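> only geometry, no sequence info:
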């Protein structure tokens, strides 16, 4: 990263402050400025603006930045090496690195403990649920019930597991309300977890990975193959890597969303980009709904939207 040469230290700091903010926002943190106290700041994210799942720690002198998302488990560490090498001694760098590592370890241990507690709550919640025969959300999506989902207080319970092992242990639950609102268990793990729809055989030839439950259920309806619901675009790659490890010879297809309308507003098509990224990481394939231009303008984006659109045309 290059800098404009100047004798003004305030100007250099301003440049760095701007870069730090740009990096944090690029990661997905919904912030307008950076609080650079060296302490953890909980903030909103662009994907979950009503919650404070995002976090960051910024050095008071804008020399390093740690950013993360507690919902997805994603984390990045950024160092401005050019600035650090110029203005800090080696000893100071080592001291800051040790302090940063210790802080990270404490926070990670704290998060891990909370995730274990949340997993126990998820199991108890799931065990209180009943089998699903009818639900407004399923009706709206024109889907039948699938194995392992339950209902409690009129909310669907979607159990999330780590597909990388055979334990099937429930580590989180996504609750889907009758109006389509979705909620994960508070402080539970999300990264790498999924909801499998279909038979998990050892000799699978083809499997699909999709974002949400309704999309995955639709893909299973259309293909009859095993489909893993990763729950969000940011989790596609993590689930894909675990699936590749478990089924090394399988053909893995990422059934991605095409967030065309979002791209028109923001310039970012997260569904498309994350699906491609996941496919490249595992040597897999992608497939996207073949919407018409008019359908894209109606904000149709996933395979369930495609199913519903075709159902309307048939009627």
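That came through, no problem. All values derive from a computational prediction rather than experimental measurement.
> which residues in the stretch 1-150 of the chain form strands?
Per DSSP state E, counting those that start in this stretch, the stretch 1-150 of the chain carries strands over the ranges 41-43, 54-58, 64-69, 75-79, 130-131, 150-152.
> and the shortest one, average pLDDT?
I take that to be strand 130-131. Strand 130-131 shows a mean pLDDT of 94.
> give me the helices and strands touching it, please.
Under the contact definition 3 or more CB pairs under 8 Å, 6 or more residues apart in numbering; DSSP states H and E, strand 130-131 sits against strand 150-152. Placement of C-beta: from N, CA and C, glycine included.
> quick check: neighbours of the next helix-or-strand element following the strand it packs on in the sheet, parallel or antiparallel?
The helix or strand immediately downstream of strand 150-152 is strand 155-162, counting by DSSP states H and E. If you go by DSSP bridges, strand 155-162 pairs up with strand 150-152 (antiparallel), strand 172-176 (antiparallel), strand 193-197 (antiparallel).
> buried residues, the first one. List them.
By neighbour count on 16 or more other CB atoms under 10 Å, the buried set for strand 150-152 is 150-151.
> and that strand, how far from the chain's centre?
Remark: strand 150-152 is offset 24 Å from the chain centroid, using CA atoms, centre = their mean, to the nearest Å.
> next one: stretch 35-52
With CA atoms, centre = their mean as the basis, stretch 35-52 stands 16 Å off its chain's centre.
> quick one: contacts of that stretch?
For stretch 35-52, contacts defined as CB atoms under 8 Å, 6 or more residues apart in numbering pick out 17, 20, 28-31, 53-62, 69, 71, 103, 107, 232, 234.
> may I see the strands paired with strand 155-162 arranged in JSON lines, with mean pLDDT as well?
Shown next, in JSON lines, are the strands paired with strand 155-162 (pLDDT from 0 to 100):
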{"stretch": "strand 150-152", "mean pLDDT": "96"}
{"stretch": "strand 172-176", "mean pLDDT": "97"}
{"stretch": "strand 193-197", "mean pLDDT": "97"}
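> dump the ones you listed to CSV, plus distance to residue 203.
Formatted as CSV, the strands paired with strand 155-162 follow (distance: least, CB to CB, whole Å):
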stretch, distance to residue 203
strand 150-152, 29
strand 172-176, 28
strand 193-197, 16
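> and the nearest residue to residue 64 once chain neighbours are set aside, how close does it get to residue 22?
Among residues not flanking residue 64 along the chain, residue 79 sits closest, at 4.9 Å (CB to CB, 6 or more residues apart in numbering). In this view, residue 79 and residue 22 are 15 Å apart by CB to CB, to the nearest Å.
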